[in-house]
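Participant: Whatever this is, show me its structure:
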Amino acid sequence: MENMEDEYEIYRLIFSDILGPIVALLGILGNVFCLLAIWHRNRNCTKAQPGMKGYMYTLLCGLALADLGYLAFTFTFYIYFSSTMELQCDHMYYRDRIIIPICNSFKASSDFIVICMTVNRCQVMGNITGMRIQALRKDAITSNENTSWNTYFQITTALIIGFVLHLPFYFFDSLDSVLCNNGLNETTPNPEIHFVEEMWWMYYFVYATLVKVVPVVLIITLNIVLVKRLKVMASRKRTVQDEKSMNQDVHQNRRAWSVHNKTSIKEQKLASLLVIIAVSYFIFTLPANVTFVLVNLPINVKSIQDIYYPLTFVTNFFESLNYAANFYIYCAVHSEIRESFLELCKAFGSFLTCADKKYGLRF
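Facilitator: Numbering: from 1, shown residues only. Next comes the predicted model:
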């Protein structure tokens, strides 16, 4: 029992006391900056510098809000509910039946929003590769107008589904942690507590399928389609460049239009950004999803149970990295968000120094 407590304290110190809060705080700041950068560009947009409006950017804002909710409650969990063993045991009810379900609800909502974004990118890239110019022009006109109610409906639906799927956890009276029960002789949590009743087994199956399996499968499958369509565009660009080098007239070529049109280029950049987000999602969340499924199986997987605490600490930390990294990925690969964020920083600096209001930031 003492060895288990020592091991628990080591991993708690590294991942809950040091690395976890740092990543959560950076993620909170990043998502706030993302929302402010998009707001600032839209507030000061001109014909020469259009705003970041439309379906994808609205979903990016919804994704930032969902990630912000997840990271805010994760930060609270790290700072308070996981700070000492005594606090964990004294506040286990709030930790297991309020804080953790809310964290997971926001996390699931974020995954569902990413699915909506990927479906949209596949449709838009299908229009580009299929040279359906009229559909692409229609999308461009729509993106410069107010976002349709359909986008807000998707974000709201993702949030509702994420919270509804976690409702039973708010009422599940689980067994206290073995570390809080000195009278117990077990050295690992008993996974069979989740399957005392048949209804809990049915719920677990539905939950694991919809929250852990389906998002991963859908995001991977849709991004494979997206990558193939981006490859088509890369091949088409080379073909058009070869035609230009041979002094052929390509101005009336539909392929050239789909390659060089500003709207097409913008949509391709957004598709590339989403592929990178999907790769990050797969790398950082898959270990935690696999661990969750194996640990909560109705049969005792001893090899997993023996390393339960190290495995959950490490995989949960890497999972939080995924939701904290999005804004920094945007700045690294998407010029519009990066430039807007830099403009926001300059405007804020100008405001603090009472300098010329040329950046247009007013409070």
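Participant: where in the stretch 251-363 of the chain is pLDDT low?
Facilitator: For the stretch 251-363 of the chain, residues meeting the criterion pLDDT under 70 lie at 251-254, 297-306, 308, 354-363.
Participant: Just the helices from it, written as ranges.
Facilitator: Ranges of helices within the stretch 251-363 of the chain are 254-260, 262-295, 302-305, 308-333, 335-352, based on DSSP state H, counting those that start in this stretch.
Participant: Would you pull up how far stretch 276-293 lies from the middle of the chain?
Facilitator: Averaging C-alpha positions (C-alpha atoms, centre = their mean, to the nearest Å) puts stretch 276-293 11 Å from its chain's average.
Participant: for stretch 33-42, same thing?
Facilitator: With C-alpha atoms, centre = their mean as the basis, stretch 33-42 stands 18 Å off its chain's centre.
Participant: Over to stretch 327-340?
Facilitator: Taking C-alpha atoms, centre = their mean, one finds stretch 327-340 lying 16 Å from the centre of the chain it belongs to.
Participant: Which positions in it come out as buried?
Facilitator: Within stretch 327-340, the residues that qualify as buried by neighbour count (16 or more other C-beta atoms under 10 Å) are Phe327, Ile329, Tyr330, Cys331, His334, Glu336, Ile337, Ser340. Every C-beta, even on glycine, is put in place using the N, C-alpha and C of the backbone.
Participant: what about that stretch, start to end distance?
Facilitator: End-to-end distance for stretch 327-340, by C-alpha to C-alpha, to the nearest Å: 12 Å.
Participant: Just put the buried residues of stretch 327-340 in a markdown table and tack on distance to Leu311.
Facilitator: Supplementary listing: those in a markdown table, determined by distance: C-beta to C-beta, whole Å:
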| residue | distance to Leu311 |
| --- | --- |
| Phe327 | 28 |
| Ile329 | 26 |
| Tyr330 | 31 |
| Cys331 | 32 |
| His334 | 34 |
| Glu336 | 39 |
| Ile337 | 35 |
| Ser340 | 40 |
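Participant: for those residues, which one is nearest Phe73?
Facilitator: For the buried residues of stretch 327-340, the closest approach to Phe73 (C-beta to C-beta) belongs to Phe327, at 18.2 Å.
Participant: Give me the distance between the closest one and Leu342.
Facilitator: Counting by C-beta to C-beta, to the nearest Å, the gap between Phe327 and Leu342 amounts to 13 Å.
Participant: swap in Val279?
Facilitator: On the measure of C-beta to C-beta, Val279 and Leu342 end up 25 Å apart.
Participant: Which one, of the helices of the stretch 251-363 of the chain, ends up nearest to Met131?
Facilitator: helix 254-260 (4.7 Å).
Participant: CA atoms of that closest one as CSV?
Facilitator: Coordinates of each C-alpha in helix 254-260 appear next as CSV, following Å, rounded to 0.1, in the frame of the first residue of the first chain:
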residue,chain,number,x,y,z
ARG,A,254,-11.1,25.7,-65.2
ARG,A,255,-8.2,23.9,-63.6
ALA,A,256,-6.2,27.1,-63.4
TRP,A,257,-9.1,28.9,-61.9
SER,A,258,-9.5,26.4,-59.2
VAL,A,259,-5.7,26.6,-58.5
HIS,A,260,-5.2,30.4,-58.5
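Participant: Not counting its own residues, what contacts stretch 265-284?
Facilitator: Contacts made with stretch 265-284 from outside it, assessed by C-beta atoms under 8 Å, 6 or more residues apart in numbering, are listed as 56, 111, 114, 117-118, 121, 124-125, 128, 136, 139, 216, 219-220, 223, 226-227, 229-230, 233, 318-319, 321-322, 325-326, 329-330, 333-335.
Participant: switch to 6 Å and redo it
Facilitator: Residues from elsewhere that reach stretch 265-284, judged by C-beta atoms under 6 Å, 6 or more residues apart in numbering: 56, 117, 121, 124-125, 219, 223, 226, 233, 318-319, 321-322, 325, 329, 333-334.
Participant: picking that back up, farthest pair within the buried residues of stretch 327-340?
Facilitator: Taking C-beta to C-beta, the two most distant members of the buried residues of stretch 327-340 are Ile329 and Ser340; they sit 15.1 Å apart.
Participant: Leaving out sequence neighbours, find the closest residue to Asp67.
Facilitator: Sequence neighbours aside, Tyr323 is the residue nearest to Asp67 in space, at 4.5 Å (criterion: C-beta to C-beta, 6 or more residues apart in numbering).
Participant: didn't the one you found look like it was pressed against Ala72?
Facilitator: No: here Tyr323 lies out of contact with Ala72, judged by C-beta atoms under 6 Å, at a distance of 10.9 Å.
Participant: Of these two, which one has the most company?
Facilitator: Higher neighbour count among Tyr323 and Ala72: Tyr323, with 30 against 18, using other C-beta atoms under 10 Å.
Participant: The nearest residue to Ala108 once chain neighbours are set aside - how many residues pack around it?
Facilitator: For Ala108, ignoring the flanking residues on the chain, the nearest one in space by C-beta to C-beta, 6+ apart is Gly162 at 3.9 Å. Burial of Gly162 is recorded as 24 neighbouring residues (other C-beta under 10 Å).
Participant: for the record, mean pLDDT for the host helix or strand of Gly162?
Facilitator: Taking DSSP states H and E as the criterion, Gly162 maps to helix 149-164. Per-residue confidence for helix 149-164 averages out to 91 on the pLDDT scale.
Participant: No more questions from me, cheers.
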